[in-house]
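[1] here's a sequence, model it:
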Amino acid sequence: MAGSVNSSKDVRRLAKEVALAGLWRRTGILAGSALVFGGVYFFVRQYFKDGVWNFDLYLLNKSLATTSLLLVSLSMLLTGWSYFRPGSTRVLAYRKFYGLAGFWIGLTHGAVSHVLLPGHFPFPSWGVKNPAASALGLAALLLFGAMAAASDRRVKGRWGGEIWRKFLRYAGYAALISAAVHAGVLKWASWTKYIRTFESVLPSLSLPIVLVSAAALILRGAVWISKRRRGR
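    Numbers count the residues shown, from 1 in each chain. So this is what the prediction gives:
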């Protein structure tokens with residue numbers, strides 16, 4: 001009897017490990033695809049914009065930034081998506097994985113910027129010259145880092161489910177807003193110039209990615225309004 005119980009536990013544990021591996025694999029495929037697409041996009045855009053065919057670490061780093069923001073935006077967007085589409089709750093399993101992948105890619109982007117590309121982002125002088133962008137980027141990384149640390153189920157057990165969920169929710173949206181505004185502060189001139197002139201043919205990739213972030217925030221607001229109405 002004890003042997004069959006242990007065998008059943010082993011089967012469940014193995015099934016859980018396989019499921020987790022599948023979630024990480026699909027998250028990795030999405031992240032890798034977004035990174036490659038971003039690199040190709042910036043490479044082609046550079047030609048239309050400057051007449052140059054050249055791929056370097058600077059372009060790759062830009063793709064790291066957009067990939068990071070896309071993943072964390074999708075992580076937040078899935079909540080609203082599943083709320084308004086009954087039967088799609090299975091996608092919620094990806095929230096944690098997209099968020100963690102987005103955080104680590106964002107951290108890599110920050111490290112590459114200031115360690116490997118000092119000519120473009122000299123530290124600390126770049127932060128002094130760009131205090132708003134620097135503070136917002138750092139705030140987003142710290143908030144996402146805190147969320148990554150709190151995503152461990154043992155933290156949920158210590159804090160209690162309600163506090164744990166509220167922390168992840170509010171920290172997540174604060175971090176997403178910080179990251180999106182960070183991108184906006186850096187790229188506003190590029191966005192507005194493109195909208196006025198369409199000079200570079202292709203917009204900065206950060207523009208549509210920030211629109212995904214905005215969609216996630218709008219959906220969150222819609223969920224809040226819907227729950228309030230149902231609660232009346």
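
[2] name the helices or strands packed onto the longest helix along the chain?
    Ordering each helix of the chain by length in residues (DSSP state H) puts helix 2-50 first. When contacts are defined as 3 or more Cβ pairs under 8 Å, 6 or more residues apart in numbering; DSSP states H and E, helix 2-50 packs onto helix 57-84, helix 94-111. Glycine gets a C-beta too; all of them are placed from N, C-alpha and C.

[3] looking at those helices, which is closest to Ala175?
    In terms of Cβ to Cβ, the element of the helices and strands packed on helix 2-50 nearest to Ala175 is helix 57-84, at 7.2 Å.

[4] what is the rounded mean pLDDT of the closest one?
    Helix 57-84 comes out with an average pLDDT of 94.

[5] and if you look at stretch 101-114?
    On average, stretch 101-114 scores 96.

[6] circling back: pipe the helices and strands packed on helix 2-50 into a markdown table and attach distance to Ala175 per row.
    Formatted as a markdown table, those follow (distance: least, Cβ to Cβ, whole Å):
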| stretch | distance to Ala175 |
| --- | --- |
| helix 57-84 | 7 |
| helix 94-111 | 9 |
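
[7] reformat those helices as JSON lines; add mean neighbour count and distance to Phe42.
    As requested, the helices and strands packed on helix 2-50 are exported to JSON lines (neighbours: other Cβ atoms under 10 Å; distance: least, Cβ to Cβ, whole Å):
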{"stretch": "helix 57-84", "mean neighbour count": "22", "distance to Phe42": "5"}
{"stretch": "helix 94-111", "mean neighbour count": "20", "distance to Phe42": "13"}
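
[8] can you pull the contacts of the most centrally placed residue in the chain?
    When Cα atoms, centre = their mean is applied to the chain, the residue found nearest the centroid is Val72 (2.0 Å). Residues near Val72 by Cβ atoms under 8 Å, 6 or more residues apart in numbering: 98-99, 102-103, 106, 144, 172, 175-176, 179.

[9] give me the element Gly87 is part of.
    Using DSSP states H and E, Gly87 sits within no helix or strand.

[10] Asp152 versus that one, what's the distance?
    For Gly87, the distance to Asp152 (Cβ to Cβ, to the nearest Å) stands at 29 Å.

[11] so the two - more neighbours on which side?
    Using other Cβ atoms under 10 Å as the criterion, Gly87 and Asp152 rank with Asp152 on top: 10 against 6.

[12] quick one: the residue nearest to the centre of the chain from Val44, how far?
    From Val72 to Val44 the distance is 25 Å (Cβ to Cβ).

[13] right, I'll leave it there.
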